[in-house]
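> here is my input; please provide its structure:
(one chain, ligands or ions: 1)
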Amino acid sequence: MSDVLLRGGLPWGLGSPADLLVRDGLIHEVGPGLDAPGARVIDITGQLVLPGLVEAHCHLDKTLYGGPWVPHSADDTLAGRIGNDLGRRAELGVPDPGRITALLERMSAAGTTHVRTHTDIDPQVGLRGVEAVREAAARVPVEVRQVAFPQHGVLTNPGTAELLEEALKSGVEAVGGLDPAGIDRDPVRHLDVIFGLAERYGAHVDIHLHDGGTLGGWELELIIERTRALGLGGRVAVSHAYALGQLDEAAQDRLAQGLAEAGVALVTAAVYNFPVPPVKKLRAAGVTLACGHDGIRDLWGPYGSGDLLERAMHLAYRSTFRRDEDIELALEAATTGGARLLGLRGYGLKPGDRADLVVLPCGGAAEAVVVHPARTLVMKDGTVLHN
Ligand SMILES: [Zn+2]
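As a prediction, the model looks like this:
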């Protein structure tokens, strides 16, 4: 692989223009006026350079992306959406490795280099989703990690816990959960199963928590306690956590502190009109905050483009951020926050980091989020993918 010299870009956070020399898949040198005989030189003068985007929460297995448009057919209730999902999977051929591949290619072209996806596991679909995602991921230069996700409950859906275990045995990296109270009606037993599997298989945990208000707040406390007791800090996340956006300031402060101290991360998608966790408060407390699309063009809803910067814009907008330094928090969620969530090594724009990066015709981070223009260049492990 020949060296690549990116000339005159604006590496995010550096504060001044610099060249980046890429060698053997790594960022070799960063600085002004670099000399690199024999390198392929690409002029990116005045353009923003970001580390690869990290899509921290999506559902690749469910997607209809890349196929013909499917008019959405669920009514506007959770039960309606679940019924729509289960009822039409077979008719539409979900999960489909071809559609998943199309979506991953779109994500890659938009600068995403890492993806964490929640894959449905239940007695109907078994591990077919896991296999479809693996098949697609092998075709596209994006690193994909899966969460074995009990979309239709664990305790309320017999056979699911055993299949979650099968998925972990087969190498799936994380185990998911879903509304331990609202869906499974028994939060302690739900967490016993999920955390038990995580301990046994050294897996990460990422729990969908839609339960709102004080019920959701109490479940967050249970997850914090569990994480502390088992010493799993840095390996546990809660997705959505709508309750955090609904509780009063004092409760938010207490939970933010608890999440930070226990090492429990939050993942938000800022979709529809669901409450968004208080981004500034959580970051100020030191909570790892990551961002993802949630569903992309599937039987749960027709939206989602695969462009994570567009999703970061929604997060900033829903958080009513106007100032550059606030909007930049959404970009952090889509990059460094996701990298921390996944425990990525060598992530960033320093010499020695992996050369996973994206270049945009922007002067700074806030503009990248608000405008999210077409990407000039995407690089994965030193290979120029889109230019
Ligand atoms: Zn989700």
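
> which parts of the stretch 1-150 of the chain are strands?
4-11, 18-23, 26-31, 40-43, 48-51, 53-58, 112-120, 143-149 (DSSP state E, counting those that start in this stretch).

> want to throw those into CSV with mean pLDDT?
Shown next, in CSV, are the strands of the stretch 1-150 of the chain (pLDDT from 0 to 100):
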stretch, mean pLDDT
strand 4-11, 98
strand 18-23, 98
strand 26-31, 98
strand 40-43, 98
strand 48-51, 98
strand 53-58, 98
strand 112-120, 98
strand 143-149, 98
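
> for residue 283, find the nearest of the ones you listed.
For residue 283, the closest of those is strand 53-58, at 14.9 Å, according to C-beta to C-beta. Heads up, the C-betas are built off the backbone N, CA and C, glycines and all.

> verify the stated contact: residue 52 with residue 113.
Yes. Counting by C-beta atoms under 8 Å, residue 113 is a contact partner of residue 52 at 2.8 Å.

> gap between the two ends of stretch 332-348?
Taking C-alpha to C-alpha, to the nearest Å, stretch 332-348 runs 12 Å from one end to the other.

> residue contacts, the residue nearest to residue 321 when sequence neighbours are not counted?
Distances taken as C-beta to C-beta, 6 or more residues apart in numbering place residue 327 nearest to residue 321, at 4.9 Å, with adjacent residues excluded. The contact partners of residue 327, taken as C-beta atoms under 8 Å, 6 or more residues apart in numbering, are 316, 321, 365-366, 369-370.

> of those, which is the most crowded?
Among these, residue 369 has the most neighbours (other C-beta atoms under 10 Å), with 26 neighbours.

> next secondary structure after the strand or helix carrying that one?
According to DSSP states H and E, residue 369 maps onto helix 365-371. Using DSSP H and E, the next helix or strand after helix 365-371 towards the C-terminus is strand 377-380.

> list the buried ones in the next helix-or-strand element following that next one?
Moving toward the C-terminus from strand 377-380, the next helix or strand (DSSP H and E) is strand 383-386. For strand 383-386, the neighbour count (16 or more other C-beta atoms under 10 Å) marks 385-386 as buried.

> how about the helices in the stretch 201-350 of the chain?
213-230, 249-262, 279-285, 308-318, 324-332, 338-342 (DSSP state H, counting those that start in this stretch).

> same for the first one, what does it pack against?
Of the remaining helices and strands, those touching helix 213-230 by 3 or more C-beta pairs under 8 Å, 6 or more residues apart in numbering; DSSP states H and E are helix 187-201, strand 204-209, strand 236-240, helix 249-262, strand 264-268.

> span of stretch 363-381 from start to end?
25 Å.

> got it, and stretch 178-198?
15 Å.

> need the residues that contact that stretch.
So stretch 178-198 is contacted by 149-151, 153-156, 161, 164-165, 168, 174-177, 203-205, 207-211, 215, 218-219, 222-223, 226, 230, 232, 235-236 (C-beta under 8 Å, 6+ apart).
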